[in-house]
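Participant: below are the sequence and a predicted model for it; my questions follow.
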Amino acid sequence: MKRKKRQGPKVQAKRVTFPEEQTIPWLSMLMEAYFIADKGIALEISKRLKRGEHLACKKGCSSCCTTHVTIPIYPLEVVGIYWFVIEKILGPERDQIKKQLANFEKGKGCPFLVDGACAIHPVRPLACRHFNVFGTPCRPGEDPYYTRRNDVLTPNEKYKQRALACMLPFHGIKEPSEKKRLARAGILDTMVKNMQEIEWQNLATRMDGHIVTKTKTG
Ligand code: SF4
Ligand code: SF4
């Protein structure tokens, strides 16, 4: 008799789209890379949920955003954040972000955390997407990668490499086999920066010169 496949809770990735992708090729690359990474994350989370584990991460839980001060970020991701903050963040949140960016100091947590939520959620870096914790939420100041490694999701390497390969045309690498080879060889690792090392004050200045008058959500 054919065995019934065991069903379980399933997490699904959703492709975030912006109309501007029609005219900004790098934006399309970035959003596709995030979609691929999110699919890998959803797959790995679903596997653990099926085993009866409980995902601790949820909206409003954000101590990781102040505790982690070594978040890697790739060049295209920085460009994406600049674009999103300048073009998409409006109203009081824009004022708050601008203030946080202008006053940003290394080691003081992420400047994009507003009222316990990520203000750049659709374009948050791969590192933030990949960091998922099971069991209990992180205590303030706790990095579960060191305190309880087994509770931290291990990213799906295949999807991660595919996501990184998706970013390579931004650096002039377009040929599919070359993209695959260089992504595997870790070419982007030579360009990665720590989010805390970026001079985010420059972004606050750029926001000053750019007035957004209407909502343009993706
Ligand atoms: S990583 Fe920790 S602090 Fe961040 S959302 Fe998940 S459980 Fe909460
Ligand atoms: S980018 Fe968003 S998710 Fe990542 S550390 Fe900052 S606030 Fe948290």
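Facilitator: Great, that's in hand. Ligands and ions are numbered 1, 2, ... in the order given.
Participant: now what about the lowest-mean-pLDDT helix or strand in the chain, what contacts it?
Facilitator: Lowest on mean pLDDT, DSSP states H and E among the helices and strands of the chain sits helix 176-184, with a mean of 85. For helix 176-184, contacts defined as C-beta atoms under 8 Å, 6 or more residues apart in numbering pick out 161-162, 164-165, 168-169, 173. C-betas here are computed from N, CA, C, even on glycine.
Participant: which of those residues count as buried?
Facilitator: Listed as buried from the contacts of helix 176-184 are 161-162, 164-165, 168-169, 173; burial here means 16 or more other C-beta atoms under 10 Å.
Participant: any idea which of the residues you listed is closest to ligand 1?
Facilitator: The nearest member of the buried ones among the contacts of helix 176-184 to ligand 1, counting by C-beta to the nearest ligand atom, is Leu164 at 21.8 Å.
Participant: residues from this protein in reach of ligand 2?
Facilitator: The chain comes close to ligand 2 at residues 65, 71, 110, 112-113, 118, 120, 124, 128, as judged by C-beta under 6 Å from any ligand atom.
Participant: near ligand 1, which residues of the chain?
Facilitator: Counting by C-beta under 6 Å from any ligand atom, the residues of the chain that sit close to ligand 1 are 56-57, 61-64, 131, 133, 137-138.
Participant: in TSV, list those along with neighbour count and pLDDT.
Facilitator: As requested, those are arranged in TSV below (neighbours: other C-beta atoms under 10 Å; pLDDT from 0 to 100):
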residue	neighbour count	pLDDT
Ala56	15	98
Cys57	15	97
Cys61	14	95
Ser62	20	95
Ser63	17	96
Cys64	22	96
Phe131	21	97
Val133	20	98
Pro137	16	97
Cys138	24	97
